[in-house]
Structure formats: structure tokens, C-alpha cells
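Participant: this one's sequence-less:
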């Protein structure tokens, strides 16, 4: 028995919405970061689903690109987060706003 | 023909030497260098002239190309000299009079701190002037034209420490610019029509086109309208340079310069450049009858107007300046009447006697310790016998008393005017009477009658001379005749003023100047005046001149005749005020409007408005940059939704 393709798409949409909502409402930088990852991976899931449904490897290619970019982004982003936590403990994302106009 | 180069090169050499070494040479060596340069130039002119006389009349035009000045797309501007009877006549009298005045200046500028600078300018002026008259194309002539204008500026404002001199220099320069616009436009028009600015090409085309009846309709030919336009524009240039109505106003003010400058530049040479230019384009002027009329009427009008003003001037140099304007009017009258030879003839004789008058006036001013008011002179003949004698020669010559130089040329012009139009002749005749009158007035005021300067206090001395000149308290020092460097030129010019008329002596078919110049000019247009009429006209002219002479001499034995000097004449018909009111007034108002309304409100307003609006929008937009990541993310989300909605609806439709 196979799960039909649209279910995967629905799951991906739910995951994306969870990630987007989390990004908008949470203040903890780490959580926000995880939300971003969630959104990225929901997109990956969509890609893979379409690759299977359309029998086209291009979607899987894109997934690899997204994974690589996400990995690089995590390296940079976590570095920044660690640096922020070193300077001030328990800061939320809203505290890091010294560049506001 | 190598001497031709020397005419131009020597003044340039003198200029360079004086420019580099003048200060070291000092006084009087710098002056002698300048004089030698001018004298050498004169000798070179003589050599060229004699060589030219040795050739048949038809082969006297030589073109010497020195170098190509600049070749630009079809325009080959050459620095070239054209030797022909007209240019060499000009060169002869320019260098000749110039030599005399250079020498005179050595005495006149004695002990002036700017002695070397004076001769630098003077040599540069002479160079520019010979370039003007000898150039073989309009553009190179224009170089000289501007050169003399610049030197005029530098020399009128020679004593620039005095504000009035600096202002006069500026006025001369600016007024001349008005005329120069005409010259430039004329050159553009000529280039558009002839694709050349060479005298021989332009004027040759005109003459050839006319001879073959191809004046119109052929490429390269010229129609009457274009000829009129070009000559009118050139005449605008001539009006500026030669001080005719309405641009004459700079010349009387230019008397703020040292007297030798007034004699050389503002009487004998530079101001005649306009007449020369019109004579040069005579072949074209010949076919532009409208221009001829404009030239003749302007000339006659200016001659009359300036003569009336000269009748009530107190300043010895200003009176002579208005007289110069008036005599230049005569020359233009001759040119307009198609009598080009006599225009040049009068230019020659006028150069002699007017330079003489100015130099004599300079000697008087020196003797009177820089006093220029004729009402404070008088009785000077006893103290300055040589000056009085030479001034008297100039006075009789300009008044047109036979057999002095002025008589012959003025008489010839009057008969040409008669041939053209009787009204013009009448104006010229009245002017001749006025000329005799105001010159006699001047002679009487300065040299005869009471010695009024004895009572006058030194405080009233006109400070027209430089700061370096010794302010001799004249009560102690008797007025004396000038030193020999000043006296020699006076005598030489006096002789020229007596005999100068001889070069075109109208008897026994002598007419040297007419024969010499006639190949250059088209035949006279005016109706030929019979010999009998000429005799009658001469008698009338001489009678009028003698009447003016007698009136002037008898009236001005004493200095006070206020009725004969109405205010509107003293103020020169209020011409300066009219110009100020009609030209300067609105211009100043416009400049003020532009400076204080247009600039501050509009231009600055636009610039400041741009800055203010940018700052304002920045202040509003910075609110968006609030530093909260979630709001940025929301922005991204909203933007994404908007884009998606847009794409959906676009593809959907």
C-alpha cells in the first residue's frame, strides 16, 4: 500500500505553516532557527514528492542543493548565535535590534 | 618680399624683449627698444611699399602664408599676410605714426613706475594692429582685432589704481564686445557661403560672380541679401571698434588712459580699424546698397552729433575724443558713399593731425602739471611756443583750411557726399563748420587769452596722470615746452599734417593715392561730380570752415559763455544716461531678479527641495527598519503572498 502523493504535499504544507508561524511568533533565536529548518525541509519534501509524482530527477537535485545550502547556513547561523549568547545570556531575537532605523 | 615678415615680427620681438627684460632694461632703455621695434617695422613697410611700387598696378597683390594656424574640417585657418596697396597703406601709416608716438612716450611716461609695462603693451598693440591690417583672411584679422582691443583695455586702464580708469577700460572692452558679436556672425555667414575666410577667396568670388552675372543661383555665388547681411554684421563690428552711434560711448571715457595712448590707439590707428574693415570688404559692400546707406547715414549722424558735443567739453582730451568720433563719422560717410579711397585718405590725414593734436595736448597737460580743464588754461602760447605752433597746425588741418592735409581729404568726402545725397552733404558741411568752431574754441581757450591757470589752485588739478608723475606745483615752475623726445614727434607729425594732403593732390592727374588704391576698390557708385561743382563745393566748404574758425576764435577769447554750452551738450545729449536707463537699468533689474529671486528661490529651492524630500521620506521609511526579525519575516511573507496572488490572477486570466 502506498500513500498517495497529495498527502505528502499536505504534510509539507502543514510543516511549512508550522515553521512559518513559529518563526513569526517565537522569540528564542534557537527555536526560530529550528523553524527555518522546518520550512526548508518541508520544501524538500515537496520537491521529493513532485520528483516521484512526475518521475523527474530534477526535484531530487534541488533537494541536494537545499541541503547543502542549509548546512552552510547552519554553520554560519549557529556561529552567530553562539557569538550572541557569549555576549549576553538569554537574549531573545528582539533584543538584537541595534541596527534598527 | 621678406621685409613683409619683418613688419609683423619686429613689434612682436620688441614685445617679447620688453616682456622678459623690460624691468631690467628700465627707463629709458625699454622705451628705446619699443621705439626701435616700431621704427624697424616702419622701415620694413617702406621697403615693401617701394618694392610694390616697382610692379605693374595689376600685380601688386601678394599672399604670404606664414603657417597653417589650424585646419578644421574644411576651414584652413592660415596665419598669412596679404600685401596689397590697401594693406600696405595702412601698415605704413600705422607703423609711422606709431614710431613717433613710441618716441614721444619715452618723454611722456618719464618716471612712471609702469614705464616698461607701458612699452610691453604698446609693442603688443602695434603687433596686433599690423596683424589686423596685413592678415590675408578674416580670422587672422580678427586675432589682431581682438589683440588691439585687449591692448586698448590694458592701456586705458593703465593707471588701474584709479577707479575711474579701471571702469573706463572695462567700458571700452565690453562695448567692443557688442560689436565683435557682429564680426563673428559675419564670419560664420561668410564661411557658410564661401567655405573660406580668405579675403581673396571671399571677395574674389563676389567680384567674379558679379562679372559673369552669376550673382544668384550658383553655388558659391552670393545674393544681395546675403551680401547685405554680411556687410551689416561687419559694420556692427566696425561701429564698436570705430566708435560710431550707438556704440561710441566708450571712446570719450577711454581718455582716462595716458595721452600717447589716446593719440595712437584712440585717434590714429585702432579706431580706424572699423573703417579699414569696411574698405576691405568694399567689393561686397558695393553690391549691398542698403548697407552703404546705413554706413553713410550712421557716419554722417555720428559726425554731426559728436561735433556738437565737442563744442562744449571742458576737458582738453574729451573734446579731442569727440572730435575723433566725429572725424571717424566722416570716414564712414565716405565709405558709405562708395568713395573708399577718400575714406582711407581721410583716415591717413586724420591719423597725422589728430595724433599731433593729442600729443600737443599731452605736452600741454604735462606743462600744466596734469591739469586737463581748458577753462583753467589760457595764454599758454607764450610759454609753450613749440607746442602752440604744432597744435595750431593740427587745428588748422582738422578745420579744413587749405592747403593743410585735412582740407584735401575732407573736401573730397564732401563732394562724394554731394554725389550721393544732398542731405548727407548738408550735414557734413555743418559738421565741417562745427569742427572748425570747436577746434578754434579749444585753441583759444588753451593758448590765448588770460592765463587763468595762475589763479587756479593746485587742489583742482585733474588727476588723470599716474601716481608716479611728479606733482609739480606750477606756481613756482613755469610751464615749459616738452623735452626733445616729445618735441621731435610733434614736429614730424606737424610736417605730415601740413604736407599729408599732397599724397592725393587732385591736380595734374597726380592723385597718387587714388591711382595706388583704385585696383583694390570697385569704381565709385555715387554720381560723378563735375570739376566745376567740385570747385564750388570747395569754396563753400572753405568758407564755412573759415566762418567757424572766426566764430570760435572771437567768441572764446574769454572762457565764460554758459549759453553756448547748454547742459545737454555738456552731458553729450544724455546719451550715457539713456543707455544706462534703457540698457543697464533693465539689465541690472534682470540680474537682480535672477540673482535674488530666480537663484535663491527657484534654483536653490529645487536643490534644497530634493534634499528635504529625501530626508523626509527617509524619516518616514526608517520606521520600517525596526530591528525585529519577525516583522521582517512577516514582510517577506506578505510580499510573497502578494506576488503569488498576482501571478495566480495573471496566469488565471
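Facilitator: It's in. For clarity, every value in this text was computed on a predicted model and none was experimentally measured. Numbers count the residues shown, from 1 in each chain, chains lettered A, B, ... in the order given.
Participant: residue ranges with poor pLDDT in the stretch 101-250 of chain B?
Facilitator: Applying pLDDT under 70 to the stretch 101-250 of chain B flags the ranges B:209-222.
Participant: Can you give me the neighbour number for residue 85?
Facilitator: No chain was given, so I picked chain A. 13 (other CB atoms under 10 Å in any protein chain shown). (Each C-beta comes from the backbone N, C-alpha and C, glycine too.)
Participant: hmm, I had chain B in mind actually
Facilitator: 22.
Participant: Contact partners for it?
Facilitator: Counting by CB atoms under 8 Å, 6 or more residues apart in numbering or on different chains, residue B:85 makes contact with B:52, B:60, B:516, B:517, B:519, B:520.
Participant: want to throw the residues you listed into a markdown table with neighbour count?
Facilitator: As requested, the contacts of residue B:85 are arranged in a markdown table below (neighbours: other CB atoms under 10 Å in any protein chain shown):
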| residue | neighbour count |
| --- | --- |
| B:52 | 20 |
| B:60 | 19 |
| B:516 | 22 |
| B:517 | 22 |
| B:519 | 15 |
| B:520 | 21 |
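Participant: Please look at residue B:366 and residue B:108 and confirm they touch.
Facilitator: Yes - the pair residue B:366 / residue B:108 is scored as a contact, 6.8 Å apart, by CB atoms under 8 Å.
Participant: And those two? Which one has more around it.
Facilitator: Between residue B:366 and residue B:108, counting by other CB under 10 Å, residue B:108 is the more crowded of the two (28 against 25).
Participant: so how far is chain A from that one?
Facilitator: The gap separating residue B:108 from chain A is 78 Å, by CB to the nearest CB, to the nearest Å.
Participant: phi, psi of that residue?
Facilitator: Residue B:108 adopts backbone torsions of phi -70, psi -40, taken as degrees, to the nearest 10.
Participant: Do I have it right that it meets residue B:362?
Facilitator: Yes - if you go by CB under 8 Å, residue B:108 and residue B:362 touch, sitting 5.7 Å apart.
Participant: Need the overlap of contacts for those two.
Facilitator: By CB under 8 Å, 6+ apart, the residues touching both residue B:108 and residue B:362 are B:259, B:260, B:486.
Participant: Now do the same contact list for the residue lying closest to the first one once chain neighbours are set aside.
Facilitator: Spelled out, it's residue B:259. Using CB to CB, 6 or more residues apart in numbering or on different chains and skipping residues adjacent in sequence, the residue nearest residue B:259 is residue B:362, 3.2 Å away. When contacts are counted by CB under 8 Å, 6+ apart, residue B:362 is found next to B:104, B:108, B:259, B:260, B:262, B:263, B:486.
Participant: Which two of those residues have the greatest separation?
Facilitator: By the measure CB to CB, B:262 and B:486 form the most distant pair in the contacts of residue B:362, at 14.5 Å.
Participant: Give me the more crowded residue out of those two.
Facilitator: More neighbours surround residue B:262 than the other of residue B:262 and residue B:486, with 30 against 24 (other CB under 10 Å).
Participant: Which residues does the one helix or strand that one maps to contact?
Facilitator: Using DSSP states H and E, residue B:262 maps to helix B:259-263. Helix B:259-263 is contacted from outside by B:101, B:104-105, B:108-109, B:122, B:152, B:155-156, B:158, B:254-255, B:317, B:320-321, B:354-355, B:358-359, B:361-362, B:365, using CB under 8 Å, 6+ apart.
Participant: Tell me where chain B has strands.
Facilitator: B:62-72, B:75-83 (DSSP state E).
Participant: Could you list the residues of chain A in contact with chain B?
Facilitator: Applying CB under 8 Å from any CB of the partner chain, we find that chain A lies next to chain B at A:20, A:23-25, A:32, A:93-94, A:96-101.
Participant: if we go to 7 Å?
Facilitator: With the criterion set to CB under 7 Å from any CB of the partner chain, chain A comes near chain B through A:20, A:23, A:24, A:93, A:94, A:97, A:99, A:100, A:101.
Participant: Could you write me a ChimeraX select line covering just the buried ones among the residues you listed?
Facilitator: Burial among those is assessed by 16 or more other CB atoms under 10 Å in any protein chain shown; the matching ChimeraX selection reads:
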select /A:20,23,93
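Participant: Redo the residues of chain A next to chain B as CSV? Include secondary structure, pLDDT and distance to residue B:277.
Facilitator: As requested, these are exported to CSV (DSSP: H, G, I helix; E, B strand; the rest coil; pLDDT from 0 to 100; distance: CB to CB, whole Å):
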residue, secondary structure, pLDDT, distance to residue B:277
A:20, helix, 90, 88
A:23, helix, 87, 87
A:24, helix, 86, 87
A:93, helix, 76, 86
A:94, helix, 76, 86
A:97, coil, 75, 80
A:99, coil, 73, 74
A:100, coil, 74, 76
A:101, coil, 67, 71
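Participant: can you put the residues of chain A next to chain B in TSV and add distance to residue B:400?
Facilitator: As requested, those are exported to TSV (distance: CB to CB, whole Å):
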residue	distance to residue B:400
A:20	110
A:23	109
A:24	109
A:93	107
A:94	106
A:97	100
A:99	95
A:100	96
A:101	91
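Participant: Identify the farthest-apart pair in the residues of chain A next to chain B.
Facilitator: Of all pairs in these, the most separated under CB to CB is A:20 and A:101 at 24.9 Å.
Participant: Distance of residue B:545 relative to residue B:498?
Facilitator: For residue B:545, the distance to residue B:498 (CB to CB, to the nearest Å) stands at 16 Å.
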